[in-house]
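J.: coordinates only, sequence not included:
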């Protein structure tokens, strides 16, 4: 990208970022206006349609607004950071849509089995209750990690970004949660 291609105000991003991180909506609006188009077009390229691109763009700037306090601009432009957020938000949206399509398709194809195994239903219900009870006993962060990764299908980095923690924290805690739940399941069978 040449200096002519750089969104207006990119050279002054450091001051705007510092001001926006301190809570200046005006500074953040200036950053938004400078970068909304490149972020939108990146999102459009990733998700493939205007409606989703608009949603991803808004989600990108919402995440950026929340994460600005404590953020330090590494270069002259905020665009690389916004592009990273946009890519993650796009991936989350595509993953969510794929999961929703699969659930919708599965729901449409479901039919009642010829025979109902009541014993298996009771066992499955008991296991589900044990797991839910065990999850309820986790710390707030662990419950959030379990919900994002195990239930909503987030990857480690996407969950880490959503929760504002390091990738390794999500990976290690999820491993411990899974081990704990496997132990509960093994003890119940």
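T.: Yep, that arrived. Predicted model only: the values in this text are computed from it and were never measured. Residues are numbered from 1 along each chain as shown.
J.: Tell me how far residue 145 lies from residue 92.
T.: As for residue 145, its distance to residue 92 is 15 Å (criterion: C-beta to C-beta, to the nearest Å). Placement of C-beta: from N, CA and C, glycine included.
J.: Tell me which of those two has more neighbours.
T.: Under the criterion of other C-beta atoms under 10 Å, the comparison of residue 145 against residue 92 puts residue 145 first, with 27 against 21.
J.: quick one: which helix or strand includes the more buried one?
T.: Secondary structure from DSSP states H and E places residue 145 in helix 140-146.
J.: now for that helix, which elements pack on it?
T.: Using 3 or more C-beta pairs under 8 Å, 6 or more residues apart in numbering; DSSP states H and E as the contact criterion, the elements in contact with helix 140-146 are helix 118-136, helix 156-163, helix 167-188.
J.: Would you mark the buried spots in it?
T.: Neighbour-count burial for helix 140-146, counted by 16 or more other C-beta atoms under 10 Å, picks out 142, 144, 145, 146.
J.: ok so, going back, would you list the helices and strands packed on helix 140-146 in JSON lines and tack on distance to residue 56, mean pLDDT and mean neighbour count?
T.: Formatted as JSON lines, the entries for those read as follows, by distance: least, C-beta to C-beta, whole Å; pLDDT from 0 to 100; neighbours: other C-beta atoms under 10 Å:
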{"stretch": "helix 118-136", "distance to residue 56": "30", "mean pLDDT": "67", "mean neighbour count": "12"}
{"stretch": "helix 156-163", "distance to residue 56": "13", "mean pLDDT": "89", "mean neighbour count": "19"}
{"stretch": "helix 167-188", "distance to residue 56": "21", "mean pLDDT": "84", "mean neighbour count": "14"}
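J.: Flag every buried residue along stretch 54-71.
T.: Neighbour-count burial for stretch 54-71, counted by 16+ other C-beta under 10 Å, picks out 55, 56, 57, 59, 60, 61, 63, 64, 65, 68.
J.: Can you flag which of the residues you listed belong to helices?
T.: If you go by DSSP state H, these have 55, 56, 57, 59, 60, 61, 63, 64, 65 in helices.
J.: List the contacts of the first one.
T.: In this structure, residue 55 makes contact with residue 93, judged by C-beta atoms under 8 Å, 6 or more residues apart in numbering.
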